[in-house]
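Enquirer: Below are the sequence and a predicted model; questions follow.
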Amino acid sequence: MEVQISHPGERRAFVLSGIEQAPIVSAAVANVFRTLAPDDVQLLPVSIERESEPYFVVNATRVMDCIDEARCQEVQHYPENSFPEYEGEYRWIYGLRIDPSKTEGARVFRLKKFKTAFVVSDDVKAALEKVGNLGVSFEQVTAPNGE
């Protein structure tokens, strides 16, 4: 695979692509996923224009049905009959909350009805933060809304 840079800027160790929010990561970040969540991800080598260092697309292989809609700040569904391919899925969720008892021990996953979110466990988050230079931010999704 080859990726073009659409918005030049500072080189980061972890970014989300414009297409389907696919995570593209440095070798150091890939090693975090390889070490802490080997059963939850696929690491696919990708070439990035004008870059000689190795990068990887992180494919979360686990999809969990664990959204706790009652504890989310706001959920938006697709309007009925607007996009048949997205029927039953969320258009957007503010203040996302999940039910950890339904994650089956996964450390990295996507959500069944809201595939935009890329969820990592606290230990994966801490290891990623140690790598540094991330182009992403984290939001706690297991705490009650407002906490």
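Expert: Looks like it came in fine.

Enquirer: residue ranges of the helices in this protein, please?
Expert: 27-36, 122-131 (DSSP state H).

Enquirer: and the first one with helix 122-131, angle?
Expert: Right, the one you point to is helix 27-36. Comparing the axes of helix 27-36 and helix 122-131 via axes from the mean of the first three to the mean of the last three CA atoms, to 10 degrees yields an angle of 160 degrees.

Enquirer: Ends of stretch 55-71, what's the gap?
Expert: 36 Å (CA to CA, to the nearest Å).

Enquirer: quick one: buried residues of that stretch?
Expert: Buried residues in stretch 55-71, counted by 16 or more other CB atoms under 10 Å: Tyr55, Phe56, Val57, Val58, Ala60, Arg62, Met64, Cys66, Ile67, Asp68, Arg71. Yep, even glycine has a C-beta here, placed from its N, CA and C like the rest.

Enquirer: What distance do you get for the closest residue to the fourth one other than its chain neighbours to Leu43?
Expert: In this case it means Val58. Excluding its sequence neighbours, the residue lying closest to Val58 (CB to CB, 6 or more residues apart in numbering) is Pro23, at 4.1 Å. Separation of Pro23 from Leu43 (CB to CB, to the nearest Å): 10 Å.

Enquirer: Between those two, which contacts overlap?
Expert: Val57, Val58 (CB atoms under 8 Å, 6 or more residues apart in numbering).

Enquirer: higher neighbour count, those two?
Expert: Applying other CB atoms under 10 Å to Pro23 and Leu43 shows that Pro23 carries more neighbours, namely 22 against 18.

Enquirer: so that one bridges to which residues?
Expert: Leu16 (DSSP bridges).

Enquirer: Is it in contact with Val15, as I believe?
Expert: Yes - with contact defined as CB atoms under 8 Å, Pro23 and Val15 form a contacting pair (7.5 Å).
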